[in-house]
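Undergrad: model the following, please.
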Amino acid sequence: PESEIIIGLGEMMELGEETHSAHREAGRMAASLKPVLFLALGAHGPAMVQGALEGGLEEDRVLLMRSHKELAQRIIESTGRQTIVFLKGSRMAGMDRVARQITDRLKSAAAAPTGKEETELIYLFHGDVSWLNVFRYITFRTLLSALTALAVCLLFGGPVIRRLRAMQVGQHVRDDGPPNHKDKEGTPTMGGCLIIPAVTASTLCWADPFNPYVWLVLFVCMAYGAIGFMDDYLKTVRRTSKGLSASAKFLLQVGAALIVAWILYAYPGYDTRLNLPFLKTVSPDLGWWYIPMVVFIITGASNAVNLTDGLDGLAIGPVTVAFGTYLVFTYLSGHVRLANYLQIPSVPGAGEMAVFCGAVVGAGLGFLWYNAFPAEVFMGDVGSLPLGAVLGTVAVITKQEIVLALVGGLFVFEALSVIFQVAYFKITGGQRIFRMAPIHHHFELKGWPEPKVIVRFWIIAIILALLSISTLKLR
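TA: All right, here's what the predicted structure looks like:
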């Protein structure tokens, strides 16, 4: 049979002003050989990837690798009996290390007597059943992820609510809250215990398990979910609306965000430049200042969503809209050709975040089935804190940090209403800007029915999402 070709290219050094164009040309030349797989490595890898795509290679055959180990592993996984592997790069690119890793692994695999038959069987099965190739596409897996999370919430929502009610995990309403909220006393809370498992299970089913960003957002989901769980648990035990102290909750949130910020900052090849919408040539490199910025975004988004969660379905609706918006951003950021066309940062591997965002959208819709007015269950901090935190994390990964202020403008407005209300109260010695903060309570006290407040805030969230997507063409 005709041999298959795999090409792995490392960057070329000391090319001066021709560096970018030379690497693009190398990608085009590689594409002319019609390889089954084209892998690029190094700082100029994106230019080679762009050239390979321009040369006519399909997107699913072109990948940007982040390390020599990842490059070698991918080649090993894709090598068959009739495969020719072509490796090239400057001496400083370290492609000789890749070659040694490949030959050592293939030699050890050839010496092992077990697993050979299974490997051949899987390879033949993959080639014969062509419809299985559809699972390689992010768009298809994103749809499945959303449907899976939706199904989990719809199937297990009723049993979870009955279990929470049996455990007497009910909402405790503040004495200084709106008078009509007394009717919500005792409604089961901690509904995030339904959302987070649905999102996690769906993501693990359909996302690429070798993608580091997948595990990073799952870590954020679990860490902030644990913080919210502790807060809700203490409220339940104490039978009051007070859980963790504000300082303890804030320190735990900052600690988890610091871990994420440091991982991203230390990740090889991760860009610490800040992408500014409307200014395609201005991208300031924040350096180590990128770490506090990430902490601010994640922690701020977490608390902003938490403040919005005050009416039936008020938070989960805009959260679902926001993640639907970032589903678009993540897919575009992970698609080299579309990112270059739209002049937005291309982030290799960020496309898998679309699968995660799809899971949140599905779980959000499933939870809204039970959380719509009048709510059968409330989200609680175990849901609102992690959802806000992962929204901030996805914004950071996709390099759309500034746009988050527009996508989540409703959450920003809610948070600012509290900040301004508290500051004005202290400065003036007891006067208020709003009748009550967060701002949704202000409209309640003005006489708006609760469903009207909720739906109008949803409409605002949708408008902001559409405006955010429109920025893609305004560069």
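
Undergrad: list the buried residues in the helix or strand containing residue 466.
TA: Taking DSSP states H and E as the criterion, the element that holds residue 466 is helix 450-470. For helix 450-470, a neighbour-count test (16 or more other C-beta atoms under 10 Å) marks 450, 453-454, 457-458, 461-462, 464-465, 468-469 as buried. Heads up, the C-betas are built off the backbone N, CA and C, glycines and all.

Undergrad: so which of those residues comes closest to residue 160?
TA: residue 454 (22.4 Å; C-beta to C-beta).

Undergrad: for that closest one, list the residues it contacts.
TA: Contacts here follow C-beta atoms under 8 Å, 6 or more residues apart in numbering; on that basis residue 454 touches 311-314, 317, 373.

Undergrad: quick one: low-confidence parts of the stretch 201-350 of the chain?
TA: Judged by pLDDT under 70, the stretch 201-350 of the chain has its weakly predicted residues at 240-241, 280.

Undergrad: which parts of it are helices?
TA: 212-238, 246-266, 290-308, 316-334, 336-342 (DSSP state H, counting those that start in this stretch).

Undergrad: out of those, deepest packed?
TA: helix 316-334 (a mean of 26; mean count of other C-beta atoms under 10 Å).

Undergrad: name the helices or strands packed onto it?
TA: Packing partners of helix 316-334 (3 or more C-beta pairs under 8 Å, 6 or more residues apart in numbering; DSSP states H and E): helix 138-166, helix 336-342, helix 353-371, helix 381-397, helix 404-407, helix 409-428, helix 450-470.

Undergrad: comparing those helices, which gets the lowest mean pLDDT score?
TA: With a mean of 82, helix 336-342 has the lowest mean pLDDT of these.

Undergrad: tell me how many other residues surround residue 205.
TA: 14 (other C-beta atoms under 10 Å).

Undergrad: wait, doesn't it sit right on residue 148?
TA: Yes: using C-beta atoms under 8 Å, residue 205 makes contact with residue 148 at a distance of 6.0 Å.

Undergrad: now the most centrally placed residue in the chain. Nearest residue, chain neighbours left out?
TA: Note on the chain: the residue nearest the mean C-alpha position is residue 394, at 3.5 Å, using C-alpha atoms, centre = their mean. Counting by C-beta to C-beta, 6 or more residues apart in numbering, the nearest residue to residue 394 once its immediate chain neighbours are dropped is residue 326, at 5.1 Å.

Undergrad: same thing with residue 157?
TA: residue 370 (4.9 Å).

Undergrad: list the contacts of the one you found.
TA: With contacts taken as C-beta under 8 Å, 6+ apart, residue 370 has the following neighbours: 153, 157-158, 161, 191, 376-377.

Undergrad: could you rerun that using 10 Å?
TA: Going by C-beta atoms under 10 Å, 6 or more residues apart in numbering, residue 370 touches 153-154, 157-158, 160-161, 188, 191, 194, 313, 316, 376-378.

Undergrad: A strand includes residue 40, no?
TA: Yes: counting by DSSP: H, G, I helix; E, B strand; the rest coil, one finds residue 40 located in a strand.

Undergrad: look at residue 67 and say how many residues are nearby.
TA: Neighbours of residue 67 (other C-beta under 10 Å): 12.

Undergrad: what's the distance between the closest residue to it other than its chain neighbours and residue 348?
TA: Among residues not flanking residue 67 along the chain, residue 268 sits closest, at 6.2 Å (C-beta to C-beta, 6+ apart). Distance from residue 268 to residue 348, counting by C-beta to C-beta, to the nearest Å: 11 Å.

Undergrad: what touches both of the two?
TA: With C-beta under 10 Å, 6+ apart as the test, residue 268 and residue 348 both reach residue 66.

Undergrad: which of these two has more residues huddled nearby?
TA: Neighbours were counted for residue 268 and for residue 348 using other C-beta under 10 Å; residue 348 has more, 20 against 7.

Undergrad: and the nearest residue to the more buried one once chain neighbours are set aside, which helix or strand is it part of?
TA: In this structure, residue 348 finds its nearest non-sequential neighbour in residue 64, 4.2 Å apart by C-beta to C-beta, 6+ apart. Element membership of residue 64 [criterion: DSSP H and E] is strand 62-65.

Undergrad: what do you get for residue 8?
TA: strand 4-9.

Undergrad: okay, now the sheet partners of that strand, with direction.
TA: Strand pairing for strand 4-9, using DSSP bridges, gives strand 37-41 (parallel), strand 83-88 (parallel).

Undergrad: just these: most buried one?
TA: For these, the highest mean count by mean count of other C-beta under 10 Å goes to strand 37-41, at a mean of 27.

Undergrad: what's the following helix or strand after it?
TA: Moving toward the C-terminus from strand 37-41, the next element (DSSP H and E) is helix 45-54.

Undergrad: can I get that following helix in PDB, CA atoms only?
TA: The C-alpha coordinates for helix 45-54 follow below in PDB (Å, rounded to 0.1, in the frame of the first residue of the first chain):
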ATOM      1  CA  GLY A  45       4.700  27.300  14.800                       C
ATOM      2  CA  PRO A  46       1.500  29.400  14.100                       C
ATOM      3  CA  ALA A  47       3.100  30.800  10.900                       C
ATOM      4  CA  MET A  48       3.900  27.200   9.700                       C
ATOM      5  CA  VAL A  49       0.300  26.100  10.600                       C
ATOM      6  CA  GLN A  50      -1.000  29.100   8.600                       C
ATOM      7  CA  GLY A  51       1.100  28.100   5.600                       C
ATOM      8  CA  ALA A  52       0.000  24.500   5.800                       C
ATOM      9  CA  LEU A  53      -3.700  25.600   5.800                       C
ATOM     10  CA  GLU A  54      -3.000  27.900   2.900                       C
END
